[in-house]
Structures are given as C-alpha cells and as structure tokens.
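A.B. asks: just the structure for this:
(one chain, ligands or ions: 2)
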Amino acid sequence: MFASLRCTCTLQANTVHWLTVVRSHEQVRVSRSISSSPEPGAEWSSNGGLRGAHGAATSLRLPSSTAILTSGGGGRRRRRWGAAAAASRVSTCSAAGRGTVVIGLAADSGCGKSTFMRRLTSVLGGEAVAPRGGNPDSNTLISDAATVVCLDDYHSLDRTGRKEKGVTALHPRANDFDLMYRQVKAIKEGRAVEKPIYNHATGLLDRPELITPPKILVLEGLHPMYDERVRGLLDFSIYLDVSNEVKFAWKIQRDMAERGHSLESIKASIEARKPDFDAYIDPQKQHADAVIEVLPTRLIPDDDDDDDDEGKVQRVKLIMKEGVKHFAPAYLFDEGSTISWIPCGRKLSCSYPGIKFAYFPDTYFGREVSVLEMDGKFDKLDEVIYVESHLRNLSTKYYREVTQQMLKHADFPGSNNGTGLFQTIVGLKIRDLYEQIVADRAASPALAAVA
Ligand SMILES: Nc1ncnc2c1ncn2[C@@H]1O[C@H](COP(=O)(O)OP(=O)(O)OP(=O)(O)O)[C@@H](O)[C@H]1O
Ligand SMILES: O=C(CO)[C@H](O)[C@H](O)COP(=O)(O)O
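C.D. replies: Residues are numbered from 1 along each chain as shown. Ligands and ions are numbered 1, 2, ... in the order given. Down below sits the predicted model:
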C-alpha cells in the first residue's frame with residue numbers, strides 16, 4: 001500500500017537479520033546473524049553497536065523497516081527504571097531511512113484513544129500487536145506501517161512518586177519532556193531508542209524497550225502537543241475533545257463494568273484530575289490540526305427526562321484546520337458552503353431521535369477551520385454508504401471504503417455514530433498525508449536528507 005522508503009545501507013534480498021544484544025555494564029554489543037525475507041530495498045545502517053547500561057540479554061528481530069525487541073533477560077522486571085536512565089541509550093541503528101512521519105494524538109484517559117488507534121492501524125493495513133516476546137505490560141503497538149507509542153511511558157514519577165509529591169500524571173512535573181523530545185527526534189532522524197515503559201499494572205517504571213524507526217510513529221497520550229519542541233516534530237496532530245458529561249458516562253461504563261470501580265471513586269478521580277486537565281491537557285487542542293469533539297445531543301430536548309436514549313446519543317464535530325500541508329479537509333456536498341442535512345428517509349433508516357448533519361466554515365482559536373458535524377446514531381451500518389457518497393475529499397482508495405471500515409469494526413465503541421465515522425475519516429487522512437510526504441521526498445531527495 002505504501003511507497004517504500006529509501007534508507008542508508010542495503011540488506012540482501014530475502015534476509016531477515018536477527019540481532020543479539022548483549023547488555024554489559026556500559027555498552028550493548030550487537031551481532032548480526034541469520035536471514036530470511038526483508039522488504040525489498042530495506043536497509044540497515046549500524047556503526048556496530050547500540051549503547052546501553054544494563055546487564056540483561058535481549059534479542060532483536062529486524063525483518064524490514066521495523067525491529068522488534070524480544071526480552072531475553074527480564075530478571076529484574078519490577079525494578080524501577082528511571083526515564084533518565086534511558087536517556088543515554090539512543091542507539092545508532094536506522095531501519096526506516098528517510099525519516100519517520102510523526103502523528104500526535106492527545107486526549108484525557110478514557111476518551112477513546114485506543115479505539116481511535118485501532119481504527120487508524122486498520123486503515124493503514126496489517127494487524128497491530130504488542131512487541132513480540134517483550135514486556136507483556138508494554139504499552140506499545142506495532143503494525144506493518146505504524147508504531148504506536150503511549151506517552152504514559154514518559155512519566156518520570158511512578159505511582160508512588162506521584163503520591164509522595166502530590167501531583168497527578170497530568171502534571172508536567174510527573175513527565176520527562178526532555179527525554180520525550182530527544183527520543184522522538186532520534187526516531188524521526190532514523191535512529192532507534194530505548195524507551196522506558198510505564199507499567200499500568202504495577203505503577204512502576206519497567207526496563208526500557210527498543211523502538212526502531214517505523215514508517216509512521218503515533219504518539220498517543222496526555223501530552224503530545226504540550227512541549228513546544230515535541231510539538232514541532234509532529235507532522236499531524238489530533239485532539240479528542242470529549243465533553244465532561246460524555247466523558248463521565250463513558251468512564252462509568254468502562255470503569256464500573258470492566259474495572260470494578262465504584263461510582264464514588266470514579267467521580268473522585270475525575271474531580272482530582274480536573275484542575276490539571278484544564279491547565280495542561282485541554283489547552284493542547286488549540287494546536288491540533290484536527291479535533292474530534294464529542295458533545296451531548298441536541299436532538300433530544302433537555303426537558304425530555306424520561307428518554308433512556310439521552311446518554312447514548314452524541315453530537316460529534318470534526319474540526320479541521322485549513323491550510324495544513326498535506327491535509328485537505330473533508331466536506332459535505334459543496335466545499336466552503338454552510339449546509340444542514342437530515343439524511344433520514346428512503347435511503348437511510350433513522351429511529352428516534354433521528355440524524356442531522358452539518359457542514360460549515362468557522363474559526364477555532366483564531367484559525368480558519370471547516371467543521372463537519374453529525375448528531376444522532378446510525379441504525380444500519382451498511383447504509384452509511386448513503387452518507388459517504390455525499391461526503392467529499394475523504395481520501396478513500398475505493399468505493400465504500402469508509403462504510404467498509406465502519407462495518408469491519410462494528411463492535412468498536414462509537415461505530416454507530418459520529419465518533420466512529422470521523423475517526424475513520426481522520427485515519428484515511430493520515431494515510432493520505434503519509435503517502436504525500438513520501439511522494440514529496442521521492443521527488444526531492446534533498447528534502448528527504450533534511451527530514
Ligand atoms: N465513541 C465511543 N462511544 C461510546 N463509548 C466510548 C467511545 N469511545 C470510547 N468509549 C468508552 O470509553 C472507554 C475508553 O475507551 P478507550 O480505551 O478507547 O480510551 P483511552 O483514551 O484509550 O483510555 P485510557 O487512556 O484510559 O486507556 C471504552 O471502553 C468505552 O467504554
Ligand atoms: O491518565 C493516565 C493516562 O492513561 C493515567 O492515569 C496515568 O498514566 C497513570 O496511570 P495509572 O493510573 O495506571 O498509575
């Protein structure tokens with residue numbers, strides 16, 4: 001699907017390189033062995049070693065442009081690995097070559113980041129899996145085209161440390177932005193890094209894992225756009241803006257049903273996080289190229305207290321910045337117009353309270369934007385084609401691609417409403433952006449060299 005990337009030195013055809021990394025006190029030695037089928041044209045540059053500071057043995061497999069860490073040692077998994085310890089271990093191997101495209105996805109916890117990631121990696125192709133053989137509590141996902149890194153891994157304070165210092169995970173003091181910047185920059189420049197792991201099961205920082213440069217690196221978490229230097233490395237950024245009412249409903253649904261939390265503890269956790277959320281997370285949306293905003297419906301009157309559907313129906317806005325390189329906003333019927341559309345009728349089944357679409361130009365934090373809005377929910381997912389056929393600039397590759405993606409993931413939360421629809425569209429836009437960047441680089445090798 002993707003154009004292949006040109007890298008810095010060449011692998012033999014049909015060769016997979018297995019690397020054995022032996023960690024010694026000050027250094028990690030890399031030895032290459034064995035082979036079997038790489039991506040044609042994939043290349044490997046190594047000056048002979050990764051640098052490290054631990055005593056464990058680790059195996060790496062480098063099938064194409066992505067290497068996967070498989071942990072061999074693991075003896076001290078519960079040891080706290082400070083983010084600072086990983087700082088010095090930026091390695092010099094490059095697999096992706098011409099520069100990784102970096103995408104930022106910001107949102108509070110429980111706002112649909114994982115769901116969005118699953119939709120995105122599905123659009124990009126290939127299954128997204130945890131690093132094979134690595135830490136079972138790793139937060140990283142790897143697919144053919146993309147590596148998704150969770151920024152929780154850059155917490156500089158573990159759970160106990162945060163408690164002792166009285167800060168939440170949302171506070172900048174609990175996160176190492178210097179390391180985040182250095183490592184994202186290294187990956188973007190084609191160098192692998194050893195990234196820390198924040199273990200959500202234990203609340204500790206685990207031994208770092210190796211991240212090699214993928215075609216697309218997605219940084220998902222609380223702060224991808226908080227630090228100006230990290231923000232400057234992003235090729236595209238998204239913010240999932242879930243209103244308090246809806247966030248509360250989703251949190252209750254998940255944390256009560258799936259995690260056994262009490263209603264009181266969920267409320268207390270939301271309240272405790274709110275000041276830091278308002279101060280450090282929410283303001284990032286002004287920097288996003290696309291914002292998916294989830295609000296309560298306007299189709300059900302406020303005084304209609306009896307209606308069970310009220311919490312289940314959402315009004316979702318896709319706010320798309322104008323003038324972003326490689327990103328042409330999607331639109332309804334006619335670009336730049338203001339449109340209100342009720343598609344219900346012969347071609348789209350709608351039960352109460354119906355479906356309403358809107359499209360209009362607007363401003364968002366002083367920037368010109370185009371907004372697509374959907375209020376209501378789909379009754380039959382195969383009928384989404386009716387809506388898809390009236391939307392333009394979707395960056396689909398074939399007829400009904402949006403509808404097919406929605407049907408494929410019908411069981412994901414939000415598949416029957418604007419969250420699923422707009423997340424799918426943003427996924428297609430990211431694929432398109434990546435392909436444009438690769439095409440630009442191919443057309444201008446000088447650009448690629450500085451990317
Ligand atoms: N579009 C949606 N519609 C309804 N519920 C949703 C939607 N998206 C997410 N949820 C609910 O919120 C929960 C959290 O979603 P998800 O795991 O994708 O969020 P997250 O941001 O990755 O969370 P965390 O950071 O806490 O892991 C889901 O289990 C589901 O209950
Ligand atoms: O906001 C969060 C991002 O997911 C988490 O609360 C944060 O990472 C801390 O995790 P935990 O509660 O598991 O210690």
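A.B. asks: assign residue 182 to helix, strand or coil.
C.D. replies: The assignment at residue 182 comes out as helix when based on DSSP: H, G, I helix; E, B strand; the rest coil.
A.B. asks: now the helices for the stretch 201-350 of the chain?
C.D. replies: Secondary structure of the stretch 201-350 of the chain (DSSP state H, counting those that start in this stretch): helices at 228-231, 244-251, 257, 263-276.
A.B. asks: and the first one, what's buried?
C.D. replies: What that stands for is helix 228-231. Applying a neighbour-count criterion of 16 or more other C-beta atoms under 10 Å, the buried positions in helix 228-231 are 230-231. Yep, even glycine has a C-beta here, placed from its N, CA and C like the rest.
A.B. asks: ligand 1 contacts on this protein?
C.D. replies: Among all residues of the chain, those adjacent to ligand 1 (criterion: C-beta under 6 Å from any ligand atom) are 107, 109-115, 250, 253-254, 413-414, 419.
A.B. asks: just put these in TSV and tack on distance to residue 133, pLDDT and neighbour count.
C.D. replies: Formatted as TSV, the entries for the residues of the chain next to ligand 1 read as follows, by distance: C-beta to C-beta, whole Å; pLDDT from 0 to 100; neighbours: other C-beta atoms under 10 Å:
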residue	distance to residue 133	pLDDT	neighbour count
107	30	96	23
109	28	89	18
110	30	87	19
111	31	92	22
112	29	92	24
113	25	93	21
114	22	91	16
115	26	94	18
250	33	86	18
253	34	79	13
254	29	78	14
413	30	93	15
414	33	94	23
419	34	97	27
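A.B. asks: of these, closest to ligand 2?
C.D. replies: Looking at the residues of the chain next to ligand 1 and their distance to ligand 2, the nearest is residue 109, at 3.7 Å (C-beta to the nearest ligand atom).
A.B. asks: grab the nearest non-local neighbour of the closest one.
C.D. replies: Distances taken as C-beta to C-beta, 6 or more residues apart in numbering put residue 222 closest to residue 109, at 7.5 Å, once the chain neighbours are dropped.
A.B. asks: how far away is the one you found from residue 265?
C.D. replies: With distances taken as C-beta to C-beta, to the nearest Å, residue 222 is found 20 Å from residue 265.
A.B. asks: any regions of this protein where pLDDT drops low?
C.D. replies: Using pLDDT under 70 as the threshold, the predicted model of the chain has low-confidence ranges 1-98, 303-311, 446-451.
A.B. asks: and whichever residue of the chain sits closest to ligand 1, backbone torsions?
C.D. replies: Residue of the chain nearest ligand 1, by C-beta to the nearest ligand atom: residue 414 (2.2 Å). Listed backbone geometry of residue 414 is phi 90, psi 10, with angles given as degrees, to the nearest 10.
A.B. asks: so what's the closest residue to it other than its chain neighbours up against?
C.D. replies: Counting by C-beta to C-beta, 6+ apart, residue 414 lies nearest to residue 420, which is 4.4 Å off, once chain neighbours are set aside. By C-beta atoms under 8 Å, 6 or more residues apart in numbering, the residues touching residue 420 are 119, 406, 409, 412, 414.
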